[in-house]
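[1] What shape does this take:
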Amino acid sequence: MIMKRLFLIAVIAFCTQFVKAQEGLPIYTDYLTDNYYLIHPSMAGVANCAKIRMTGRQQWFGHENAPKLLTVSANGRIGESNSGIGAIFYTDKNGFHSQNGAYLTYAYQLMFSRNEVDLNMLSFGISAGAIQYKLDETSFLNQLPDRIISGIEQSSTNFNIDFGFSYFLYNFYAHATVKNILNNEGINNDIQVTSNLRRYLFSTGIVLGQFGSEWSYEPSIMFQYKDATKESSIDINAKVYKEMTFGKLWGGLSYRRSLDGAEYLDNGSVSNQKLQYISPLVGVNFKEFMVAYTYSYQSNSVVFNNGGFHQITLGYNFNCRKERYHCNCPAVN
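    Predicted structure coming up:
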């Protein structure tokens, strides 16, 4: 029974690597470290400052070919216009699979308020880019030939589009995005699940606290749905901010739960578990710089490894203008 359980874990780990390595930019909790543009193109140019963000994520320290992700993004407003632009570059390695992607973004903001003091804004954004997928099969054959395995490094480059909108009303916000709108052949175009990487994202939240107070609190949720596999999950988040003389301190907690369960054998009986992540995060804004750390722990009974996932986010703000809105809206002001 122990061998069956270990075999099942190995199969799950392999299938997870296979699918995630071709899903486009993976979505973790890095959007909570002042990086909503990374998942919502409509956030390009929304803030008072132009922003550069870099994230590095390492999973399962000590394991060869463990998942690694590096992203670099930049976005800002075009002069005094209502248009914003941005760019995202990333590299993602997961076992024998890897991908490199680059996106360019254009966004446009519509103001519904009479002036910029009262925040009432709708933003539309579209990103277009290319993703290069690679599958390294050079070490698959060893001494046993297999006609299915080519024994080379396969690669394929695909073009895709993301589209979404963001709405801000004083301290309230909502985002909706469709990622990977176009069908994608990947490097395994005979497998149907890899041709449709479409994903639907919806985020909403509100910042609580008196305007001008040193303390503010931000509860939020994010729902995501994968079109091909019919999988869905929800993030429940809470953040707290403390204004300082040098900038701002903040921290929070995120809980991600899959809404779809996976069955496995446990001592002869069939059990079910749903993916669960608990991610504390902490960050500091020091003048125009930002540094944040996120730790994710998978709290399931059957896991590949008990070690956590570490992520560092570095940021730099420039071309900043005076805060325009009388609201607790850290993503905008």
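
[2] Quick check: neighbours of the longest strand along the chain in the sheet, parallel or antiparallel?
    In the chain, taking DSSP state E as the definition, the longest strand is strand 247-266. In the sheet, strand 247-266 lines up against strand 232-243 (antiparallel), strand 269-286 (antiparallel) (DSSP bridges).

[3] ranking those strands by mean pLDDT, which is last?
    Among the strands paired with strand 247-266, strand 269-286 has the lowest mean pLDDT, at a mean of 86.

[4] Can you list the buried residues in that one?
    Buried residues in strand 269-286, counted by 16 or more other CB atoms under 10 Å: 275, 277, 279, 281, 283-285. C-beta here means a position set from N, CA and C on the backbone, and glycine is covered the same way.

[5] Need the residues you listed in a markdown table (columns: distance to residue 333).
    Output for the buried residues of strand 269-286, formatted as a markdown table (distance: CB to CB, whole Å):
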| residue | distance to residue 333 |
| --- | --- |
| 275 | 35 |
| 277 | 30 |
| 279 | 25 |
| 281 | 20 |
| 283 | 16 |
| 284 | 17 |
| 285 | 12 |
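
[6] for those, which one is nearest residue 261?
    Set against residue 261, the nearest of the buried residues of strand 269-286 by CB to CB is residue 275 (8.8 Å).

[7] And that closest one, how far from residue 100?
    26 Å (CB to CB, to the nearest Å).

[8] what does residue 296 give?
    23 Å.

[9] try residue 125
    22 Å.

[10] And for residue 110?
    34 Å.

[11] Comparing those two, which residue is more hemmed in?
    In this view residue 110 and residue 100 are compared by other CB atoms under 10 Å, and residue 100 has more residues nearby, 17 against 12.

[12] any idea which element residue 213 lies in?
    Here residue 213 is covered by no helix or strand, with elements defined by DSSP states H and E.

[13] meant to ask about residue 292, not that
    strand 289-298.

[14] And for residue 126?
    Counting by DSSP H and E, residue 126 is found in strand 120-136.

[15] For the closest residue in space to residue 84 that isn't next to it in sequence, give me the pLDDT.
    Computed as CB to CB, 6 or more residues apart in numbering, the closest residue to residue 84 that is not its neighbour in sequence is residue 45, at 1.6 Å. The model reports residue 45 with a pLDDT of 95.

[16] Residue 45: how many residues sit nearby?
    25.

[17] Quick one: the helices in the chain, in order.
    Ranges of helices within the chain are 2-20, based on DSSP state H.

[18] where in it is pLDDT low?
    The model of the chain has pLDDT under 70 over residues 1-23, 60-66, 116, 137-153, 185-194, 262-268, 270-272, 300-307.

[19] which residue ends up closest to the midpoint of this protein in space?
    A centroid search over the chain (CA atoms, centre = their mean) returns residue 27, at 2.7 Å, as the residue closest to the centre.

[20] measure that residue to residue 223 for me?
    Residue 27 is 11 Å from residue 223, by CB to CB.

[21] Which neighbours do those two have in common?
    residue 201 (CB atoms under 8 Å, 6 or more residues apart in numbering).

[22] If we ignore the residues flanking it in sequence, what's nearest residue 69?
    In this structure, residue 69 finds its nearest non-sequential neighbour in residue 57, 4.3 Å apart by CB to CB, 6+ apart.

[23] what sits opposite residue 93 in the beta ladder?
    Counting by DSSP bridges, the residues bridging with residue 93 are residue 68, residue 98.
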